[in-house]
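Visitor: pasting the structure only:
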């Protein structure tokens, strides 16, 4: 019962079964066919073994005769031949699947992915290859377009994995890799670091938002712009606090004097779905909770507990929330 | 009696008199220091096996802690720091302190008996190997107790385990523990190779060696060829960390991937180092309980050897997502899949043996049946992850966790437990309880599948491995709870097994020399075997020397009884070549192990540890090899 | 078998000995990691006292109560090393050998090598260009960074000090005691006579 209950989660946002990209669809068919054949093989082997165990035995030593020996030799050879055929088939199928996924040399959008302990930085490149804008922990891509990701690690090895869109690829210091995403329909898909990368490996997830073409252009225009100003008194006060407290030393907000490099870019943090690399849903409350005590929510991450009064906390979170 | 001539040999002595004299020559004398100094391969191997099972229990308890933490989403029983230490300790303990040592220890116990000799080759090295293993394991577990345990995973990828991202001594302790256990493993492997090649009973030509001995021989070669790779890489890691070398630093011309290549060049054969002995045990148990010789001896031997060779050609399938060239990936897909062929041969031969024989359903055979069911599944998921595109979706997820537990528990621990049930009467002289045995089999088998099968699904549902917690909204909670509950059944099965061992040591029925009516030489002597193993060295005339048509076992003579002496035979046809002395008990292997420990542990803290630590090593080795003027010193 | 009973007490005695010896050896290495500094400790850490000449002084009582982690714990020191690069210390102090700012590893300390002096330098700033970081870093970060800087310039290598970085090698790694190695060369020219000497 527990099992069936859990299996109904197949349509979850982070699952191999819920394939929505070109690569992941190919992979899913390959997985289904290999698992199918293997299941059959397993049943045959186990069936043969039980037949061997419980078959009725005739008189003493009947199967040690020449005939019995020959039959056994033939059976073993046949099984072996079948094994060879099956694994050859698997090898060819794997090869063809790899080929059909392609390597995306003709990409429509190119994004540099930098993995950090324990968050993701996405740098959108302009068509001429120069750096466009920077965001964190939430990747937007246009539907039906080939998106090429250049994967780089700035500290330890991480692995970029969005099972619904493509197989995983490691990010290795000193060795850039690349991966192509080609989403079939709009939606929100969860991804997660898949290579153990230290203390908070478990909380290093991100979301890939597949937008329609128009939505993507709109989103891109917003992201390119500097942080929005806000008229609300709370937010303005929060901005002042952000700039004079340690916050601005680690985070950058374009259009302000905050130019830190150690933490994620917060220029449009209010527009993201989650904070803390997929840790919490992004609301004013969770922003306040996160700023108040990041070390309890995500022990060992690199954001310190900054002493703030409750008023300061409210204002800073109001400011960050306003950064749509 | 009385007038002991200078070269008193056994041909003129009556059985009883001979036994008394051999006992006097070969026995371990009473007293603490004699017990520490013993070089009897049976005593050392039993200690080895018992210690390895202690580590199994410890590693199992850690697994239960992990399952407790993962039973529900966002649990906070264990902090992430502790959890990372726990899974690192679990993997490291199971691989380096349980699986490899226990298989080699089984070899140290069984191989000399199965080839019909009186002690293992290099018995003092054997004792040294045990002490090194104990010290290495203790180092790791004491560090765990002190919150300084390694937290970088059992394969300790750089740069995470490197100087910049692993502050403190945690990664150094892991790396140096590797040196301890690998030195001990290498020592044992060399003893096994020499014992098999040069100490076989007369007449035991290569085509008459029991399959377990073949398996242990191939395993020993794998150890000799694979372990230096990991010793080199772990030493390079310590050098990087301690004295600032740049083996793994890309900025100075090193390479982070070098670690992975070196580690898996060891790590993949490692799996077969664990698995091949288990295969050998399965062959022995199947043959004995089918009441017939194994079907396909030659193909099975060839399969063992070809698995051994192939295992060095597929390490890259652990690295399919690091971004290697496609041609390389296709090659390693093909080579990884091809190991399915010799593995298939083995399974088919076992089934054929069962088919042609008359199976007797005792506990050892039950575990072997469980082994075949489970291992075939693990092998098939192994073929799945050998496919590069398939692997990109399941690599480093719970699918892989499920896969390697199927291979390692199903493929190695099941046959090992079968082997313990099977050889326990030989080792202790007492039978284990069949009733408890069947209970433990049922619980272990069902608990195992209920624990690990759902992990395949978890992996495909996107759950990465090595996470200390997971969010509630991803619907992994139900399966994880089920897995955690099932793991209790698995643990209960192992508990019953341990209880059975403890009870049977005291209350088990007396076994007699050959309770299973098996065919190999270890059953031709008393249970437990006397210190000298065999009163007279058996002469082997067939592959199954204790089975018809040869209803009496001929013996040879001519070995001296007033000093420890063994018979050396030729490699291929086991023709007698010479008599050779076998060393007496000595306390020096223990001192040498302690001396080596001083050097290795010191060198984690200062490079000068290598220099000054060499002093105790040199002193103890001089003590070890100093001629003592005992009869065994003569050529 | 004669040896069976001995096996039992042998195992007991030997394992006791080995465990005791290894515990003793590792006991002093025990390095529990504290990821979250309690707010009361945080505010107490602000209250160090300096001598009137702003050199050396007394750390707050709480610093001893928590076991001087910033000088002893490898984790805190390595965090300090990360802060060193994240907060741009290298732009004035280079890899530790100084540039516009003084060197840490020539063996010369303008304000003395005590933790409190270093904390005060970072927290309050110093004349001749050292800015105050009190509004850029939290107080526990300042202590972490100070612990790292102290280890960098220590006269003897420390076991807990960070090891080399995964980058170009420009000086001996911190755990090798770069100051102990480079002290022989004497003070770097550009740092002589900067600021008030003690």
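Guide: Yep, that arrived. Here the structure is a predicted model, which is why all the values come from computation and not from measurement.
Visitor: least trustworthy helix or strand in chain B by mean pLDDT?
Guide: Least confident helix or strand of chain B, by mean pLDDT, DSSP states H and E, is helix B:326-338 with a mean of 86.
Visitor: Does chain A have contacts with that helix?
Guide: Yes. Helix B:326-338 is in contact with chain A by Cβ under 8 Å from any Cβ of the partner chain, via B:326, B:329-330, B:333-334, B:337-338. Quick note: C-beta positions are derived from backbone N, CA and C, even for glycine.
Visitor: So residue B:174 versus chain C, what's the distance?
Guide: Separation of residue B:174 from chain C (Cβ to the nearest Cβ, to the nearest Å): 14 Å.
Visitor: Make sure that residue is actually in contact with residue B:166.
Guide: No. At 9.2 Å, residue B:174 does not count as touching residue B:166 under the criterion of Cβ atoms under 8 Å.
Visitor: between those two, what contacts are shared?
Guide: Common contacts of residue B:174 and residue B:166, defined by Cβ atoms under 8 Å, 6 or more residues apart in numbering or on different chains, comprise residue B:152.
Visitor: Skip ahead from the helix or strand containing residue B:90 and say which helix or strand is next.
Guide: Taking DSSP states H and E as the criterion, residue B:90 maps to helix B:80-92. As assigned by DSSP H and E, the chain's next helix or strand after helix B:80-92 is helix B:100-114.
Visitor: now check that following helix, is it near chain C?
Guide: No. Looking at helix B:100-114 against chain C by Cβ under 8 Å from any Cβ, there are no contacts, and the closest approach is 13.7 Å.
Visitor: Are the next helix or strand after that helix and chain C in contact anywhere?
Guide: Moving toward the C-terminus from helix B:100-114, the first helix or strand encountered (DSSP H and E) is helix B:123-145. Yes. Shown here: helix B:123-145 in contact with chain C (Cβ under 8 Å from any Cβ) through B:134-135, B:138-139, B:142-143, B:145.
Visitor: If you count contacts, what does helix B:123-145 end up packed against?
Guide: Contact here means 3 or more Cβ pairs under 8 Å, 6 or more residues apart in numbering or on different chains; DSSP states H and E; on that basis helix B:123-145 packs against helix B:41-70, helix B:80-92, helix B:170-198, helix B:588-602, helix C:4-27.
Visitor: Spell out the secondary structure type for residue A:92.
Guide: Assigned state for residue A:92: helix (three-state reduction, DSSP: H, G, I helix; E, B strand; the rest coil).
Visitor: remind me which residues of the chain are low pLDDT?
Guide: Reading this off chain A. Counting by pLDDT under 70, chain A contains low-confidence ranges at A:1-12, A:59-66, A:103-104.
Visitor: that's the other chain; I wanted chain C
Guide: C:1-13, C:19, C:22-31, C:184-198.
Visitor: Do a quick rundown of the helices in it.
Guide: C:4-27, C:39-45, C:61-65, C:69-72, C:74-86, C:90-93, C:115-124, C:139-152, C:178-182 (DSSP state H).
Visitor: Not counting its neighbours along the chain, what's nearest the single nearest residue of the stretch 201-324 of chain A relative to chain B?
Guide: Closest to chain B within the stretch 201-324 of chain A is residue A:202: 3.8 Å, counting by Cβ to the nearest Cβ. Distances taken as Cβ to Cβ, 6 or more residues apart in numbering or on different chains place residue B:467 nearest to residue A:202, at 3.8 Å, with adjacent residues excluded.
Visitor: can you tell me how far that neighbour sits from residue A:38?
Guide: Taking Cβ to Cβ, to the nearest Å as the measure, residue B:467 falls 27 Å from residue A:38.
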